[in-house]
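build me a structure from this.
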Amino acid sequence: MWTAPRGLHNRVFTVLVAALIVLAWLALWLWSASPYAPYLNHEELGHLVLGGIGGRFVLEYALLLALFVSGWMLMIVAMMLPTSLPLVLLFERFTHQRSDHLLLIALLLCGYISVWTLFGALAFFNDLFIHEAVEHTSWLEANSWVIGAGTLMLAGVYQFAPLKYRCLERCRSPLSFIAEHWRGRREAPHAFLLGVHHGLFCLGCCWSLMLVMFAVGAGNLLWMVLLGAVMGVEKNVSWGRRISAPVGVALICWAAAISLGWGAALQ
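Residues are numbered from 1 along each chain as shown. I've put the predicted structure just below:
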């Protein structure tokens, strides 16, 4: 049986992963331009949920959650998979000689995306709770800017947190990460757990920036590109850590400007 040369195999695999990322961005663009765009935007989705659901409360919530999580998973593939590409490509080299290496890579990605999907679902329910609180609290309804400003302030302050940098360092060293967590025994569950571990550290360094998506609108493609670029630089560029503090200062200043009534309303 003919076997592709090692260099050609690496290039083909890289192209396939890149194609998956491009397809995710294309799907998000098509979704945001379609009549179903409100199901991608958490704010509009909140209005739909609160707009009257009668006796089919649980079913409607479940369907809306499924739609939001589907959109969220597309966002994770589009925004977060590029930031973890070095680890995925390195793992492919580690397992290339195995006949089941594609399965192991798929399990790695499933573990990684599972962590972020769970985070998205929790953030979705938290967002719904906030919408409900605004609807039933006159002070919050009159001062809804507090929610956006608070989210930005939290994200900005976390840019200086020691936990952020500990997680970031683990994500910036894919070789050390794989060497520490990959034992090559019970390969299938181990590959999934490797993805989960990497997802948790990735979540530890990037959750606050992803939370900003809820402040600016989860379906906003421009913010997806901007925040994805920031996280990609932080994790994969040699000088990436240097932008963490300036990004934190910018977010804190933005929150302060909104609090003082100087900032533009969140889009």
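
tell me which element Glu180 is part of?
helix 174-181 (DSSP states H and E).

if you count neighbours, what's buried in that helix?
For helix 174-181, a neighbour-count test (16 or more other Cβ atoms under 10 Å) marks 174, 177-178 as buried. C-beta here means a position set from N, CA and C on the backbone, and glycine is covered the same way.

do the same with stretch 120-138
Going by 16+ other Cβ under 10 Å, stretch 120-138 has these buried residues: 120, 123-124, 127-128, 130-131, 134.

what about the residues you listed, which are in helices?
Assigned to helices by DSSP state H, the following of these qualify: 120, 123-124, 127-128, 130-131, 134.

check which helix or strand covers the residue nearest the centre of the chain.
Residue closest to the average C-alpha location in the chain (Cα atoms, centre = their mean): Ile76, at 4.4 Å. Using DSSP H and E, Ile76 sits in helix 57-79.

for the stretch 101-250 of the chain, what spans make up the helices?
Counting by DSSP state H, counting those that start in this stretch, the stretch 101-250 of the chain has helices at residues 101-136, 138-142, 145-158, 162-171, 174-181, 187-216, 221-236, 244-259.

deepest-packed of these, please.
Highest mean neighbour count among those (mean count of other Cβ atoms under 10 Å): helix 187-216, with a mean of 20.

kindly reformat the helices of the stretch 101-250 of the chain as TSV containing mean pLDDT and distance to Val22.
Shown next, in TSV, are the helices of the stretch 101-250 of the chain (pLDDT from 0 to 100; distance: least, Cβ to Cβ, whole Å):
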stretch	mean pLDDT	distance to Val22
helix 101-136	87	16
helix 138-142	82	41
helix 145-158	92	28
helix 162-171	94	23
helix 174-181	88	22
helix 187-216	90	20
helix 221-236	90	13
helix 244-259	93	26
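
adding distance to Tyr61, write the ones you listed out as TSV.
Listed next are the helices of the stretch 101-250 of the chain as TSV, based on distance: least, Cβ to Cβ, whole Å:
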stretch	distance to Tyr61
helix 101-136	8
helix 138-142	22
helix 145-158	21
helix 162-171	32
helix 174-181	36
helix 187-216	18
helix 221-236	25
helix 244-259	30
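
next, the contact list for Leu74, please.
24, 27-28, 31 (Cβ atoms under 8 Å, 6 or more residues apart in numbering).

which of the residues you listed fall in helices?
24, 27-28, 31.

now the residues you listed: which count as buried?
24, 28, 31.

which of the residues you listed lies closest to Thr14?
Ala24 (15.9 Å; Cβ to Cβ).

need the pLDDT of that closest one.
pLDDT for Ala24: 91.

with Leu90 instead?
91.
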